[in-house]
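next input, structure requested:
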Amino acid sequence: MTAIVQNLVTSGVFELDGGSWDVDNNVWIVGDDTEVIVIDAAHDANAIADVVGDRALRAIVCTHAHNDHVNAAPALAERTGAPILLHPADRVVWDLTHPDRAPDGDLADGQTITIAGTDLKVIHTPGHAPGAVCLHAPDLGVLFTGDTLFHGGPGATGRSYSDYPTIVKSIRERLFSLPDATSVRTGHGEGTTIGEEKTASKDWPES
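The predicted structure is shown next:
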């Protein structure tokens, strides 16, 4: 059975640099009837666990460590026994939210995570955060971008640990090489495609 993609929207608060904003987050559950991974455990561990159900949760994969993407990760890990995986370059961001609880394992560029017979390749895409990653599932024609790429352009870079030229380079060099028809599943809001964003990128500012 090929893996399927499920979406759960959770709501909470994003906090950084002394500010706070109400946000809705996309939580992505990828797998089959027996096993899944969760991409970005945001806000509500119980709601995520309810969608996982009696399936084995193999990993909690963090696209980056801003609090609204990882605040439910430790509780979900404790409830399910699943390891939390994060790119080590984002540990500095993780520690802002969870200073007393380290991730359980590292994500690395080029690493493959296999769930339900489906491979997801880790692509390191710094810019929104230093350890931001995307996950590409070629067999599904899907790319999970966290807050690196949205419908309408790059993720925000106006706060600590972020950089606009870096995120643009990540997107253009690492993501725009994927097929135009690739479905982009974002960390917030509606999805898009690689082709649509590639076309729109000609209007992006350079700095």
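
Thr125 and Asp109: what is the separation?
Relative to Asp109, Thr125 is positioned 9 Å away (C-beta to C-beta, to the nearest Å). Using the backbone N, CA and C atoms, a C-beta is placed for each residue, glycine as well.

leaving out the residues flanking it, which one is nearest to Asp104?
Pro83 (3.7 Å; C-beta to C-beta, 6 or more residues apart in numbering).

surely the one you found and Ala102 touch.
No - when contacts are counted by C-beta atoms under 8 Å, Pro83 is not listed as touching Ala102 (11.0 Å).

that older thread, intersection of neighbour lists for Thr125 and Asp109?
Taking C-beta atoms under 8 Å, 6 or more residues apart in numbering as the contact definition, Thr125 and Asp109 share the neighbouring residues Val133.

and the two? Which one has more around it.
Legend: neighbour count by other C-beta atoms under 10 Å for Thr125 and Asp109, higher for Thr125 (30 against 12).

surely the more buried one and Gly131 touch.
No - counting by C-beta under 8 Å, Thr125 stays clear of Gly131, with 9.6 Å between them.

tell me what the strand or helix carrying Asp68 is packed against?
Here Asp68 sits within helix 67-70, counting by DSSP states H and E. Counting contacts by 3 or more C-beta pairs under 8 Å, 6 or more residues apart in numbering; DSSP states H and E, helix 67-70 packs against strand 4-16, strand 19-31, helix 91-97.

nearest residue to Thr182 other than its sequence neighbours?
In space, Thr182 is closest to Ile194, 4.3 Å off (C-beta to C-beta, 6+ apart).

what residues are up against that neighbour?
By C-beta under 8 Å, 6+ apart, the contact set of Ile194 is Leu143, Leu175, Phe176, Leu178, Pro179, Asp180, Ala181, Thr182, Val184.

one more time with 10 Å
141, 143, 145, 149, 171, 175-184 (C-beta atoms under 10 Å, 6 or more residues apart in numbering).

what does Gly105 give?
Here Gly105 is in contact with Ala59, Val61, Pro83, Ile84, Leu85, Leu86, Pro88 (criterion: C-beta under 10 Å, 6+ apart).

distance of it from Gln111?
In terms of C-beta to C-beta, Gly105 sits 10 Å off from Gln111.

how long is stretch 41-61 end to end?
Separation of the first and last residues of stretch 41-61 by C-alpha to C-alpha, to the nearest Å is 8 Å.
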